[in-house]
Structures are given as C-alpha cells and as structure tokens.
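Trainee: prediction below, plus the sequence it came from.
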Amino acid sequence: EGAAAALGMLGAGETQGVDAARSAVRDVLALAAGRQRPLTLAPVASPVGNERRQGCLSRDAAALAAAVGRRLRLNAADLQTLTTAALVHTLGLSRIPPQLRDEARLEGRDAIREFREYPRLGAEILRDYGEFPPEVVRIVRQHRERLDGSGFPARDRGDASHPLALVVGAIREFQVRSTREGATLPAAALAHLYR
C-alpha cells in the first residue's frame with residue numbers, strides 16, 4: 001500500500017510522493033537487512049485494482065533489487081540507488097493510456113512504440129521533481145535497454161547503460177514473465193533470463 005501510494009502521488013505530481021517513496025525504500029531495505037524475518041514477495045494472484053497491483057509489483061521489484069544488491073555486495077549508497085530505481089521504474093506507465101500498460105496485450109506498431117516510451121516518461125517525472133539522484137533517473141530511463149542494443153527507448157548498446165539499469169531490467173523481465181496471464185512459473189522465468 002505504501003508503494004502504491006508513493007507511485008500514485010508521484011504520478012500525480014504531488015511533492016509528498018518523494019517522501020512516500022523514501023519511506024517505502026527504507027522499509028524494503030530494513031526487511032532485506034533483517035536476519036529474523038525473511039524477505040518474501042507479495043502474492044498478486046487474486047484480482048486486485050490496477051493501482052494496488054502496480055504497488056505490489058513495485059514493492060516486489062524493490063525487494064528483489066535489495067536482495068540482489070546485497071548479494072552483489074553493493075555499498076549502502078548503491079544499494080539505496082538500486083532499490084529506489086526498482087521501486088519507481090514503472091512510473092512512466094502512468095503517462096500512457098491504460099489499455100497500453102500491459103505489454104503482453106499490445107497490438108500494432110503504434111501501440112508498441114507508445115508503450116516503449118514509458119521508461120523515458122518515468123525518468124522525466126523523476127527529473128522534474130529535482131529530488132531524485134541523477135543515477136536513479138538514469139536507471140529508470142535505461143532499465144529496458146539491453147547490451148546488444150535490442151532494448152528501448154533509445155536502443156543503447158553495451159556499457160552505454162548504467163550497470164544497475166541492467167539489474168532492474170532483469171527484475172522487470174522476471175516479473176513480466178512470471179505475473180502476466182498464462183505466466184510461466186518463476187523457475188521457468190529465471191531459466192529464460194539465464195538463457
């Protein structure tokens with residue numbers, strides 16, 4: 001709910017969204033650092049409203065980012081950057097028509113082209129606030145780019161993308177493959193990512 005509220009406020013241009021996002025990131029990092037309570041992902045299998053579903057997926061992305069960042073032994077600043085970017089990486093979806101937000105159901109070049117602008121739109125929203133670090137803005141803008149240049153929105157290649165953007169991109173791909181209608185099991189989604 002905190003993640004959904006933060007995304008809603010940020011998407012609406014409300015300044016309280018910055019504090020709400022910071023609070024959600026602090027909560028995720030505290031859970032990831034805890035030794036007594038294991039980190040678990042929120043189930044989104046039952047029908048929920050779009051805002052709540054997006055909040056759950058964003059919180060899960062942040063939790064996965066925190067777990068991966070700890071596994072990579074990132075320093076505290078990089079872990080904060082990665083977790084924040086993962087929490088807000090889909091913010092740009094709020095700026096495209098609702099019928100275009102589910103990439104599994106996109107039809108036609110125009111729909112795909114408009115959908116592929118969401119990372120850039122999300123980065124613009126964050127930049128307009130002026131309170132998000134440039135690295136977070138860059139990661140959000142580049143999280144769908146790929147090393148071979150097949151990503152979007154700019155088709156960046158190789159090391160033109162921030163390394164942590166590739167981490168958020170892998171998390172996003174995992175979520176897309178394991179949460180959409182007719183989704184594969186998480187193990188199969190991971191196998192696809194490894195391939």
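Mentor: Structure's in. What do you need? What you see is a predicted model; the values in this text were computed from it and never measured.

Trainee: which helices and strands does the helix or strand of the chain with the lowest mean pLDDT pack with?
Mentor: Comparing every helix and strand of the chain by mean pLDDT, DSSP states H and E singles out helix 186-194 as the least confident one, with a mean of 73. Using 3 or more C-beta pairs under 8 Å, 6 or more residues apart in numbering; DSSP states H and E as the contact test, the elements touching helix 186-194 are helix 163-179. The C-beta positions use only the backbone N, C-alpha and C, and glycine is treated the same way.

Trainee: that older thread, how about the CA coordinates for the least confident helix or strand of the chain, as CSV?
Mentor: C-alpha atoms of helix 186-194 as CSV (Å, rounded to 0.1, in the frame of the first residue of the first chain):
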residue,chain,number,x,y,z
PRO,A,186,9.1,-18.3,-11.6
ALA,A,187,11.7,-21.1,-12.2
ALA,A,188,10.9,-21.1,-15.9
ALA,A,189,11.2,-17.3,-16.0
LEU,A,190,14.6,-17.5,-14.3
ALA,A,191,15.7,-20.1,-16.8
HIS,A,192,14.7,-17.8,-19.6
LEU,A,193,16.8,-15.0,-18.1
TYR,A,194,19.8,-17.3,-17.7
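
Trainee: between that helix and helix 163-179, how many degrees?
Mentor: Taking axes from the mean of the first three to the mean of the last three C-alpha atoms, to 10 degrees, one finds that helix 186-194 is oriented at 140 degrees with respect to helix 163-179.

Trainee: buried set for helix 186-194?
Mentor: If you call a residue buried by 16 or more other C-beta atoms under 10 Å, then helix 186-194 has these buried ones: Ala189.

Trainee: likewise stretch 142-159?
Mentor: Under the neighbour-count criterion of 16+ other C-beta under 10 Å, stretch 142-159 has Gln142, His143, Arg144, Glu145, Arg146, Gly151, Phe152, Pro153, Ala154, Asp156 buried.

Trainee: what's the closest of these to Glu107?
Mentor: Checking the buried residues of stretch 142-159 against Glu107 with C-beta to C-beta, the nearest one is Phe152 at 17.1 Å.

Trainee: show me where the protein has helices.
Mentor: Defined through DSSP state H, the helices belonging to the chain, from first to last, are 2-11, 16-33, 50-71, 76-88, 109-115, 118-129, 134-142, 163-179, 186-194.

Trainee: Pro133 and Ala85 touch, don't they?
Mentor: No - the pair Pro133 and Ala85 does not pass the contact test of C-beta atoms under 8 Å, sitting 9.2 Å apart.

Trainee: neighbours around Ala4, how many?
Mentor: 22 (other C-beta atoms under 10 Å).

Trainee: what residues are up against it?
Mentor: Applying C-beta atoms under 8 Å, 6 or more residues apart in numbering, one finds that Ala4 lies in contact with Glu51, Arg52, Gln54, Gly55, Cys56, Ser58.
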